[in-house]
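S.K.: what would the 3D arrangement of this be:
(one chain, ligands or ions: 1)
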Amino acid sequence: MILDRILEVKRSEVQGLLERFRVSEMAREAAQLPPARDFRRAIDQPGRVSLIAEIKKQSPSKGLLCRFFDPCRLARIYRDHGAAAVSVLTDRTFFGGKGEYLAQVRQEVDLPLLRKDFILDPVQIYESRLLGADAVLLIVAALSRESLSRLLELCREVGLQALVEVHSEEELERAIKAGADLIGINNRNLQTFETELQTTLRLMEVVKESGITVVSESGIHHFRDMSLLKAVGVQAALVGEALVTAPDIGLKVQELAKGGGALAL
Ligand SMILES: O=C(O)c1ccccc1NCC(=O)[C@H](O)[C@H](O)COP(=O)(O)O
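M.R.: Residues are numbered from 1 along each chain as shown. I've put the predicted structure just below:
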């Protein structure tokens, strides 16, 4: 499965980080930073589905998405057309991302930033904070119960919020048990790469009215998708491909923001 291949590469990257940096020094530096932006509050607004717009160059399922890729330009367009937050893919091997993109976007826009990567080790949490992230993704399918709890705890300690990603009822139960208050339901099946909004609709039955902030992720393309997510009570939608491949990116951001009720029609 693709996730196994990604995690194998990620483990060797973590090893490299641990060889290059001292975690205690990173922790000291991170402790001196001003507080991170409140990612959860920015995306959890009554009566709307907020848009988390993703900076995504390529993907394992579709290959190259964005030929003239300029992360800062994308971030400005997202901000200027109604996105509530920005997600930056920093994985290099599979998504063509870089940690530097996060740092560059941090300088460019004031919106809360999610670091979208495959986080396995505390060193990546400190690195994320130092790069300018306000939130990180923790993928239940990639972590043991112990690692998930430990990384969630560390996020709280360093002042980062964690978007805990699930694909199934079983993973959702693990996320809730670990104490996640911000959960991403990923509509992409990691075996077939197919996306199915039905995954969000199904899992929403379990979490609605729980007080947990829910983000629907992947395969969201149209105004009608956002309207459907709004009807079932989702708080935010994470969108990459539909934005970076749109002929007019600003117009697409507006369409999705309007579909979610975040912009007037
Ligand atoms: O995008 C992929 O092909 C992919 C494959 C394997 C693991 C993760 C993958 N994507 C990461 C994401 O979660 C998406 O970038 C994000 O949800 C936005 O999805 P989309 O709007 O469909 O680009």
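S.K.: which residues in the stretch 1-150 of the chain form strands?
M.R.: 50-55, 58-59, 63-64, 85-89, 113-116, 135-139 (DSSP state E, counting those that start in this stretch).
S.K.: out of the ones you listed, which is closest to H221?
M.R.: strand 50-55 (12.6 Å; CB to CB). The way it works is simple: take the backbone N, C-alpha and C, and place the C-beta from them, glycine included.
S.K.: ok, residues contacting that closest one?
M.R.: The contact list for strand 50-55 (CB atoms under 8 Å, 6 or more residues apart in numbering) reads 42-44, 71, 74-75, 78, 82-89, 97, 101, 105, 114, 116, 215, 226, 235-240, 243-244, 253, 256-257, 260, 262.
S.K.: circling back: what would the strands of the stretch 1-150 of the chain look like in TSV with distance to V14?
M.R.: As requested, those are exported to TSV (distance: least, CB to CB, whole Å):
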stretch	distance to V14
strand 50-55	22
strand 58-59	22
strand 63-64	26
strand 85-89	17
strand 113-116	14
strand 135-139	14
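S.K.: those strands: which one's closest to the ligand?
M.R.: strand 58-59 (3.4 Å; CB to the nearest ligand atom).
S.K.: now the closest one: mean pLDDT?
M.R.: Regarding strand 58-59, the rounded mean pLDDT is 96.
S.K.: so which elements touch that strand?
M.R.: Packed against strand 58-59, as judged by 3 or more CB pairs under 8 Å, 6 or more residues apart in numbering; DSSP states H and E, are no other helices or strands.
S.K.: who does that strand pair up with?
M.R.: strand 63-64 (antiparallel) (DSSP bridges).
S.K.: next, the angle from the biggest helix by length in the chain to strand 135-139.
M.R.: The longest helix of the chain (DSSP state H) is helix 2-20. Compare the direction of helix 2-20 with that of strand 135-139 by axes from the mean of the first three to the mean of the last three CA atoms, to 10 degrees and you get 130 degrees.
S.K.: mean confidence (pLDDT) on helix 2-20, please.
M.R.: 95.
S.K.: is that helix in proximity to the ligand?
M.R.: Yes: against the ligand, helix 2-20 shows contacts by CB under 6 Å from any ligand atom at I2.
S.K.: which strands or helices does that helix pack on?
M.R.: Packed next to helix 2-20, using 3+ CB pairs under 8 Å, 6+ apart, are helix 122-131.
S.K.: contacts for the helix it packs on, please.
M.R.: Contacts of helix 122-131 (CB under 8 Å, 6+ apart): 14, 17-18, 21, 23, 26-27, 29-30, 33, 36, 90, 99, 102-103, 106, 115, 117, 119, 136, 150-151, 154-155, 158-160.
S.K.: select only the buried ones of those residues in PyMOL?
M.R.: Of the contacts of helix 122-131, the buried ones go into a single PyMOL selection, burial set by 16 or more other CB atoms under 10 Å:
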select buried, resi 14+17+26+27+30+36+90+99+102+103+106+115+117+119+136+150+151+154+155+158+160
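S.K.: so which of the contacts of helix 122-131 sit within helices?
M.R.: 14, 17-18, 23, 26-27, 29-30, 99, 102-103, 106, 150-151, 154-155, 158.
S.K.: for G63, which residues are in contact?
M.R.: No contacts exist for G63 under CB under 8 Å, 6+ apart.
S.K.: how does it look with 10 Å?
M.R.: G96 (CB atoms under 10 Å, 6 or more residues apart in numbering).
S.K.: next: V166.
M.R.: Counting by CB under 10 Å, 6+ apart, V166 has contacts 139-141, 172-176, 180, 183-186, 199, 203, 206-207, 217.
S.K.: give me the subset of those that also touch the ligand.
M.R.: 186, 217.
S.K.: quick one: distance of stretch 23-37 to the chain centre.
M.R.: 21 Å (CA atoms, centre = their mean, to the nearest Å).
S.K.: ok, L65 touching I249?
M.R.: No: L65 lies out of contact with I249 (CB atoms under 10 Å); the separation is 11.8 Å.
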